[in-house]
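> just need the structure, nothing else, for what follows:
(5 chains)
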Amino acid sequence: MLIEPNIRLSRILRNTWQVDIIMIISCIAAYLVRTVLIRHHFEIPSIIPTVLGTAIAFFVGFNNNQAYDRWWEARKIWGSLVNDSRSWARSIISYVSQGKADDLQYAIVKKRLVYRQIAFLYALKARLRDAVDETYSQYLEPHEKEEIKLQGNIANAILMQQSKALQQLEKEGMIDSFRFIEMNQLLVKLCDAMGMTERIKNTIYPTAYIYFTKAFIWLFVVSLTLVISAFAGVWSIFLGWLVGFVYVSTQINGMSLMNPFDNNSAAVPLNQITRTIEINLLEMLGETNIPEPVKPINNEYVL
Amino acid sequence: MLIEPNIRLSRILRNTWQVDIIMIISCIAAYLVRTVLIRHHFEIPSIIPTVLGTAIAFFVGFNNNQAYDRWWEARKIWGSLVNDSRSWARSIISYVSQGKADDLQYAIVKKRLVYRQIAFLYALKARLRDAVDETYSQYLEPHEKEEIKLQGNIANAILMQQSKALQQLEKEGMIDSFRFIEMNQLLVKLCDAMGMTERIKNTIYPTAYIYFTKAFIWLFVVSLTLVISAFAGVWSIFLGWLVGFVYVSTQINGMSLMNPFDNNSAAVPLNQITRTIEINLLEMLGETNIPEPVKPINNEYVL
Amino acid sequence: MLIEPNIRLSRILRNTWQVDIIMIISCIAAYLVRTVLIRHHFEIPSIIPTVLGTAIAFFVGFNNNQAYDRWWEARKIWGSLVNDSRSWARSIISYVSQGKADDLQYAIVKKRLVYRQIAFLYALKARLRDAVDETYSQYLEPHEKEEIKLQGNIANAILMQQSKALQQLEKEGMIDSFRFIEMNQLLVKLCDAMGMTERIKNTIYPTAYIYFTKAFIWLFVVSLTLVISAFAGVWSIFLGWLVGFVYVSTQINGMSLMNPFDNNSAAVPLNQITRTIEINLLEMLGETNIPEPVKPINNEYVL
Amino acid sequence: MLIEPNIRLSRILRNTWQVDIIMIISCIAAYLVRTVLIRHHFEIPSIIPTVLGTAIAFFVGFNNNQAYDRWWEARKIWGSLVNDSRSWARSIISYVSQGKADDLQYAIVKKRLVYRQIAFLYALKARLRDAVDETYSQYLEPHEKEEIKLQGNIANAILMQQSKALQQLEKEGMIDSFRFIEMNQLLVKLCDAMGMTERIKNTIYPTAYIYFTKAFIWLFVVSLTLVISAFAGVWSIFLGWLVGFVYVSTQINGMSLMNPFDNNSAAVPLNQITRTIEINLLEMLGETNIPEPVKPINNEYVL
Amino acid sequence: MLIEPNIRLSRILRNTWQVDIIMIISCIAAYLVRTVLIRHHFEIPSIIPTVLGTAIAFFVGFNNNQAYDRWWEARKIWGSLVNDSRSWARSIISYVSQGKADDLQYAIVKKRLVYRQIAFLYALKARLRDAVDETYSQYLEPHEKEEIKLQGNIANAILMQQSKALQQLEKEGMIDSFRFIEMNQLLVKLCDAMGMTERIKNTIYPTAYIYFTKAFIWLFVVSLTLVISAFAGVWSIFLGWLVGFVYVSTQINGMSLMNPFDNNSAAVPLNQITRTIEINLLEMLGETNIPEPVKPINNEYVL
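Predicted coordinates:
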């Protein structure tokens, strides 16, 4: 998530230089073609870039809408993971009764159920970012790690452990059936949120929209340059690129939101959110050794 | 689901060649009509294609919005089928207690309840794709297959079997009433998702929108060619087709998302998703003979 | 629901002939007024139809969006009626236990609870279509019909009977309190869906939008004809009508979706959906005398 | 809710005459200024009204979208009040058992719980319309009226009485805990719907949007008149007003939906809906003295 | 929330003067550049500002849509906090039974549970506004304040206290398990709403959209001034600024809604809403010392 209101020029160039070069070359070519070949034969009517400009603005807008919706949906899902994690910890700490356990056992049971929730979040984050990130394992017991290593989907396997622990809690009389239901519903919600993040990650935005939008913008820039070179001479190369840049950079802005779980500066700041909830949960347990919040990088963005 | 960012030219031509030919013929006709007949009598005012171009861009955008929404809703529904399948398996494995069953019976009861869920997904997939696909039956017992063959809606019949099995589980004391409720709610959600997929499959997008949009684009291309042939001569045939192509291909892109459960490269990759959940559930059961994930075809798309 | 991808010319004319005549007369009048009166005095600037054309495309698009949303919402509600009907039947068949009833009584109790659900759907359909349709009564016992005749809202009265039957079931020990809750929640959802359909049926789309859009399109067509008659002579009558037709037919397409429960070819196919669920429920009961699915009319549409 | 498809001219004039006069005066002024002052010095380029016209069509469209959404959301909320009222009455009548009460007491208990729900709706309606309307009190016992008079929010106070009555019902063994939960959830939903209506009523649509849109339309009309007066002479006053009217009346249509609970002809017909549900509930109680449905006023609108 | 329909000029100037100055300087520069340098060499084609004007209107509209949605979502969340607070108080007052407590204790227990809910709202408000606001603490017991001071998220810590109190209520037999579940679900909803407000507060709207929109508007104003200075001479400076103002002020209106929890006149009036619910809850407790509603500031806005 970018936090600086002004985008650095370097960032803009980094994102658009390839496209800029293609556009400038195309504009030059269009200028030359018109000057050398076309103008003695026929004229490109200005209605063509006008109509294309309007139509393509729609399509760029369409892509941006869908991209923003994906990004915001992704943010909402992680928001609900935050909420359900807190509710889980609150339920564990307030509603699990001591039963026949001694004080130490009682504290450990509660701590492990909350720790495992933190592990779930770290495992899910690693999976979404395709990262080899073992942070989750520091919140698990050694034998729990063993069990999980055999499975392809670690976050799902941790949820399974939570279910079994919940079943155990009831068996030992530490929660009653009513509390069991409430907590199981939180597990169902966490499973839903996990599946939703995977849906967004694994569903590629229809490539046809991206491909054709790029091609159409190019077409628009070329036709615009052909038309305006009759009025603006060699400056039409610059003007053609400038107008094209408005379309291209808006399209690129949209595309940068399309994969909201990637590990880049436009994506949802999973590191920050996960850390926040980690701090919350540890505070709720009354622990004292609490990590720092995630700091922005270069005061420019948070991951 | 297309996975390659660049669309192959062959794919574009395959999707649009009929329309391209119609457009080119129309543009030639318009050019000739104007050259031979009209130009000595009157002029087509350029305001007509300008206004039409804007209005039709709206309507194409409208169709694309609805198509994308159908596709994304379809994807969400299969996402929730994934989530509920996992929750179902998690509940079966963690919450069903042994009761009076011996170890083998206990394992078989759990396995059959999870297997039947996989069968449900395969049966639903076959139904959505109008395919004769008996994959589902390998996850059912022979007598279950018998029972089901008599019914028109196989997926629904499998849900019915799950309900009866659930009722049986409680009768035999393997789950209590609270767990019964939780699991029954998952069955209700699976039934809802099944109905939602059928709604999308069986509801034809209002044909008037598609028909008129095609007719209007054709009208626009013809009027545009008539207008620009005054400036661009015979090149107006090419230019008319080019602008038309922008509208037509966007419209076709939208239409390809309209039936998201069809067995084509733009649709929701049901094979892939079903296999993923199959693998997940088998892993959760601790099985070792696990199928491979679905591979993309030609590195171009996944079904 | 139209099922034929090509709209018949007869259908188009039937829907638009009145408007077409009005437009053609207006265009002729505009042409004459300009030719006879205006052209010696002043010119209608072309900016006026240009600006109007864009603005009105927005408003037509707005109306279409709302119309489509109503139609799709209506379809979703009937979809959820389908789902809840299946869940109801599944619950009745799997979860009602025999208690002290003998086999015949037991079968009859279950059958009547499912039959009454089919009656509910037929009664609701008749109400939504303002039809005098007594199909529902063939799924009710004579004394049930008696009870209901006294009430204004028959579908609601049937739901009331289901509630009382549910209460009775628990009293007689055929379901426990947990199953009672699950089934009552289905009744609440059916009641919600019933109310939602009535909301859509009874809420008239703000008439101002429809009235003004028609007036504005007329204004646009007249101003366009005035402008283009300077270039295209008598042909401007045809061109004015043609552009107007694009706007008018799009507006009319939207309007035809506005009342999705009417008994016409663009509406939600309630006959078809109700029959499908009737077949499903009878199959679930194991009955053999099952009606045919609804057939399209003229291969053109389904009601 | 307007029910007549054609808007009466008197209604249009009543809604727009002030704005019409302002526009006409502005157009006259613009015409004079151009004729007298500007035309010898410089020309207003036509690109200015063209660009403004498009941009303002967006902003008017934006306002209309939000207004329509508020109105439809308001309608949905009252729809859910209808549904929950029916579910409440159905639950009371079917699920409350006689316990130790004699027949008369039993009937009275049920009747009062349903009557109080009708009172709730009337109290909420009066509050939303800022009306001094004591209709609600005819459905309350004298001592209930007393209790309530001390409170600022009468509808909320009635809900409180329902809660207490529910608690009482369980204490006296007329409902069990399961039914208690089901009915309490209906009370929570009624409380939610009440809060939602207050949210819509009390949240003023950002005034900046309304204010600036009015100012921009004025700007557009003036600039348009300045431009077209070069072509159309004194007729430009009429033409400027005409185009302005398209924008202004669309904006005003939107604004009339902005406060959907007001007591005017464009708002949600609370009188009609409340009466419908009153009739439904009295029918469900088997009463015979049932009020008439609300009649349209002048066959033009329903309140 | 602004409550005055007319925006004061001072407010407009305060919000836009910086941008106005930049625009005017740019327009002057553009005018001079064209007059001195360009006009003897080439012409800026008017198609450029036309196309840019349309495209940028889309992007401004996009930003406004997202901003409005954030604002309205924020309002909805606080609305649901209002509803759940009322439901909480209603449940506490009606459903908590006296158990073995004496009358005074009984009253105190109920009062504290309701007071703590008010404290929760004040703590959440302070957090959202980054304010040092200790109002919440007047609704807490001294030892509760102690407990909370150690935690980073005070609102969350208060929810934790409510959970523990709820657990205690059941232990002492003042509520049964069914009521426990109902009230715990309210706590889960309050926790969800809290998390949602934090999501909106902490998620920065993609800065690229804001930055580029500003840059594009600037580009559009400059190109427009260049084009119109050929027609309107020195007046083009004024006209360029005027058109730019339409875009800029719409963009700024949107931006002012972007952070709906800030303490400014366009934001959601948290002071007012919190006070309303405070009054409601104190009335429900039957208290007499009730604070005044929040008054508008200068009759212009409410915070």
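> what comes up buried for stretch A:12-26?
A:12, A:15, A:19-20, A:23-24, A:26 (16 or more other CB atoms under 10 Å in any protein chain shown). Heads up, the C-betas are built off the backbone N, CA and C, glycines and all.
> tell me the mean pLDDT over that stretch?
Taken as a whole, stretch A:12-26 carries a mean pLDDT of 89.
> stretch A:44-63 close to chain D?
No: for stretch A:44-63, no contact with chain D is found by CB under 8 Å from any CB of the partner chain; the gap never falls below 8.7 Å.
> all the helices of the stretch 1-150 of chain A, residue numbers only.
Secondary structure of the stretch 1-150 of chain A (DSSP state H, counting those that start in this stretch): helices located at A:9-32, A:47-95, A:103-128, A:142-149.
> out of these, which is closest to chain E?
Chain E sits nearest to helix A:47-95 of all the helices of the stretch 1-150 of chain A, at 3.7 Å, using CB to the nearest CB.
> okay, and the closest residue to A:I297 other than its chain neighbours sits in which element?
With sequence-adjacent residues excluded and distances taken as CB to CB, 6 or more residues apart in numbering or on different chains, A:I297 is closest to A:L303, at 6.8 Å. Here A:L303 sits in a region with no helix or strand, counting by DSSP states H and E.
> where does chain A dip in pLDDT?
Within chain A, the segments meeting pLDDT under 70 span A:38-40.
> in it, which residue sits nearest chain D?
For chain A, CB to the nearest CB, closest residue to chain D: A:T54, 8.7 Å.
> show me the contacts for the nearest residue to A:P296 once chain neighbours are set aside.
Nearest non-adjacent residue to A:P296, counting by CB to CB, 6+ apart: A:V302, 4.9 Å away. With contact taken as CB atoms under 8 Å, 6 or more residues apart in numbering or on different chains, A:V302 is in contact with A:1, A:3, A:269, A:271-272, A:294-296.
> ok, 10 Å please
Taking CB atoms under 10 Å, 6 or more residues apart in numbering or on different chains, we find A:V302 in contact with A:1-3, A:265, A:267-273, A:293-296, E:202, E:204.
> do A:D130 as well
A:201, A:261-263.
> just the buried members of those residues?
A:201, A:261-262.
> now, of the contacts of A:V302, which are buried?
A:1-2, A:265, A:267-270, A:272-273, A:294, E:204.
> between the residues you listed, which is closest to E:L37?
Minimum distance to E:L37 across the buried ones among the contacts of A:V302 is 37.1 Å, recorded for A:L2 (CB to CB).
> doesn't A:E300 make contact with that closest one?
Yes: with contact defined as CB atoms under 10 Å, A:L2 counts as touching A:E300 (6.8 Å).
> which residues are common contacts for these two?
Common neighbours of A:L2 and A:E300 (CB under 10 Å, 6+ apart) are A:8, A:11, A:265, E:207.
> selection in PyMOL covering whichever of those residues are buried, please.
Of these, the buried ones go into a single PyMOL selection, burial set by 16+ other CB under 10 Å:
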select buried, (chain A and resi 11+265) or (chain E and resi 207)
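> how about the residues of the stretch 51-200 of chain A that lie near chain C?
Selection of the stretch 51-200 of chain A residues close to chain C by CB under 10 Å from any CB of the partner chain yields A:T54.
> ok, back up a step: can I get the buried residues of stretch A:12-26 in TSV with distance to chain B?
TSV is the format used below for the buried residues of stretch A:12-26 (distance: CB to the nearest CB, whole Å):
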residue	distance to chain B
A:I12	22
A:N15	16
A:V19	14
A:D20	19
A:M23	18
A:I24	22
A:S26	15
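> which of those are close to chain E?
Among the buried residues of stretch A:12-26, chain E is touched by A:12, A:15 when using CB under 10 Å from any CB.
> which of the buried residues of stretch A:12-26 sits closest to D:Q251?
Taking these together and measuring to D:Q251 by CB to CB, the closest member is A:I12, at 37.5 Å.
> contacts only, for the closest one.
Counting by CB under 10 Å, 6+ apart, A:I12 touches A:20, A:245, A:249, A:252, E:208, E:211-212, E:215.
> which of those residues sit farthest apart?
Once CB to CB is applied, these give A:D20 and E:Y211 as the farthest pair, at 17.4 Å.
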